[in-house]
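*Asks:* Build me a structure from this.
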Amino acid sequence: MYKKEKHSASKKNIVLIGFMGVGKTTVGQMIATKLKREFIDIDQYIEQTYHMSIPQIFEQKGEPYFRKLERKTVIDICQHHYNNIVSLGGGAFQQKEIREFCLENCLVLYLDISWESWKARFELINENRPVLNNRSLYDIQQLFNERKHAYSMHHLKINTDNKSPEEVTASIIEALQDN
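*Replies:* Residues are numbered from 1 along each chain as shown. Okay, the predicted model is just below:
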């Protein structure tokens, strides 16, 4: 947990972080509906803005270029749009600038998943994730473990293991009311 002090979610953007495939988009849309807020998926926003899919950006421009776009987009959205639910791509929170900005200006909610639960979802999420291309399951587990450190810096954490998106959403709404 990043800060122990109370963080009012009433006006701040709620930023969802977690490993790819944990359900940030699905759950984020459900939270937005329940809280009557706008939902912004950073990856979808980048795709719409730059008229290219994330895999195309990775392939044609490279990961460093994508990470620069991602950083600019996250900070711009969180500076100029308020009271939204914002879903970050799985690797976004690895960037120090994004992490520090979000922790200072938003309510950061970590959707946690165990490796075993994530591995069970692998076939469902593998297609549109350029970071997973040509990686063995061992390599992906290393990436999973590396990202855990950045994800450990958050305001709230919700475990998603063996929970439906509806159950995760209910847990988040309850946690936000307690906060």
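
*Asks:* drop to CA atoms for contacts and neighbour counts, all remaining ones
*Replies:* OK.

*Asks:* So which residues of the protein form helices?
*Replies:* Under the criterion DSSP state H, the chain carries helices at the ranges 24-35, 42-50, 54-61, 63-80, 96-105, 115-125, 137-151, 165-178.

*Asks:* Could you count how many residues lie near Val108?
*Replies:* The local packing count at Val108 equals 27, with neighbours defined by other C-alpha atoms under 10 Å.

*Asks:* Can we start the residue count at 21 from this point?
*Replies:* Fine by me, first position is 21 from now on; the one you just mentioned is Val128.

*Asks:* is it true that it touches Leu36?
*Replies:* Yes: counting by C-alpha atoms under 8 Å, Val128 touches Leu36, with 6.1 Å between them.

*Asks:* what touches both of those two?
*Replies:* With contacts defined as C-alpha atoms under 8 Å, 6 or more residues apart in numbering, no residue is adjacent to both Val128 and Leu36.

*Asks:* Tell me which helix or strand in the protein has the weakest average pLDDT.
*Replies:* Among the helical and strand segments of the chain, the one scoring lowest on mean pLDDT, DSSP states H and E is helix 135-145, with a mean of 80.

*Asks:* For the helices of the chain, could you give me CSV that also reports mean neighbour count and distance to Lys31?
*Replies:* Written out in CSV, the entries for those read as follows (neighbours: other C-alpha atoms under 10 Å; distance: least, C-alpha to C-alpha, whole Å):
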stretch, mean neighbour count, distance to Lys31
helix 44-55, 20, 11
helix 62-70, 16, 19
helix 74-81, 16, 30
helix 83-100, 16, 12
helix 116-125, 16, 11
helix 135-145, 13, 32
helix 157-171, 15, 23
helix 185-198, 15, 12
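
*Asks:* mean pLDDT lowest for which of those helices?
*Replies:* The weakest mean pLDDT among these belongs to helix 135-145, with a mean of 80.

*Asks:* Save the helices of the chain as TSV, and put in distance to Asn179 too.
*Replies:* Below are the helices of the chain laid out as TSV (distance: least, C-alpha to C-alpha, whole Å):
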stretch	distance to Asn179
helix 44-55	12
helix 62-70	22
helix 74-81	27
helix 83-100	24
helix 116-125	19
helix 135-145	11
helix 157-171	12
helix 185-198	8
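
*Asks:* Figure out which of those is closest to Leu108.
*Replies:* Taking C-alpha to C-alpha as the criterion, helix 62-70 is the member of the helices of the chain that comes nearest to Leu108, at 5.5 Å.

*Asks:* got the contact list for the residue sitting furthest away from the middle of the chain?
*Replies:* Taking C-alpha atoms, centre = their mean, the residue of the chain most remote from its mean C-alpha position is Gln80, at 23.7 Å. By C-alpha under 8 Å, 6+ apart, the contact set of Gln80 is empty.
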